[in-house]
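Engineer: Here's my sequence, what's the structure:
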Amino acid sequence: NKHYAEMNNYLNKIEQTATSLGTKISSISFDHIDSSKIEKIQNELKEILGKQILFFDGGTGTVLQEWGLKPGEFSENWNISHPEKIQQLHYEYYKAGANIIKTNTFGALSIKFPLNLEKIITSAIQNANNARNQIQKENQTSDKNEYFIAYDISSTGKLLKPLGDLDFEDAVNIFKKSFN
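Structural biologist: Purely as a prediction, here's the structure:
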């Protein structure tokens, strides 16, 4: 796939730049991703882009705070402890007209969740799929072109060296863990 070749070329350039700066990073690749599935979704989106307006969902944290998320509590943990509320949140956004909902994974990185990252991410994706299945059943459709799911991710919250204390290779590995 042309896009994956471009991404791998870009990542090679990043590795070369890091090497020239005296930093070694481990090899990065997108070869493990099933490009046919990604390509199918890209084609579905291209088919409707420009023909209809697509709407993303709204806030997650603010709604969850209204529903009982405590100050300092990580919303990503609710994927496991309160899956029914996360599914309800996604479902309500679909019902309100959103075409694309974002998984509850904004801060799901290994530096924040070193012990249960995989379970949090897996649960988040399952919660989003359950909400999509619910709205499709309600609307008697199996057309996934109406309801998309996007993986949501933020920054590490740390600065890279020399301005901060995070090595470039460590930053790459943090994000890599979220996608493996």
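Engineer: And the helices in the protein?
Structural biologist: 2-20, 35-48, 61-66, 78-81, 83-95, 117-138, 168-179 (DSSP state H).
Engineer: In contact with the residue nearest the centre of the chain, which residues are there?
Structural biologist: Geometric centre of the chain, nearest residue: residue 151, 2.1 Å, by Cα atoms, centre = their mean. Counting by Cβ atoms under 8 Å, 6 or more residues apart in numbering, residue 151 touches 102-103, 105, 125. Quick note: C-beta positions are derived from backbone N, CA and C, even for glycine.
Engineer: And it, how close does it get to residue 41?
Structural biologist: Plainly put, residue 151 is 12 Å away from residue 41 if you go by Cβ to Cβ, to the nearest Å.
Engineer: Between all of the contacts of residue 151, which two are separated the most?
Structural biologist: 102 and 125 (11.2 Å; Cβ to Cβ).
Engineer: Report the set of residues contacting both of these two.
Structural biologist: Shared contacts of residue 102 and residue 125 (Cβ under 8 Å, 6+ apart): 149, 151.
Engineer: Which secondary structure element of this protein has the lowest mean pLDDT?
Structural biologist: helix 2-20 (a mean of 60; mean pLDDT, DSSP states H and E).
Engineer: can you tell which of the helices of the chain is closest to residue 55?
Structural biologist: So among the helices of the chain, helix 83-95 is nearest, using Cβ to Cβ, at 8.7 Å.
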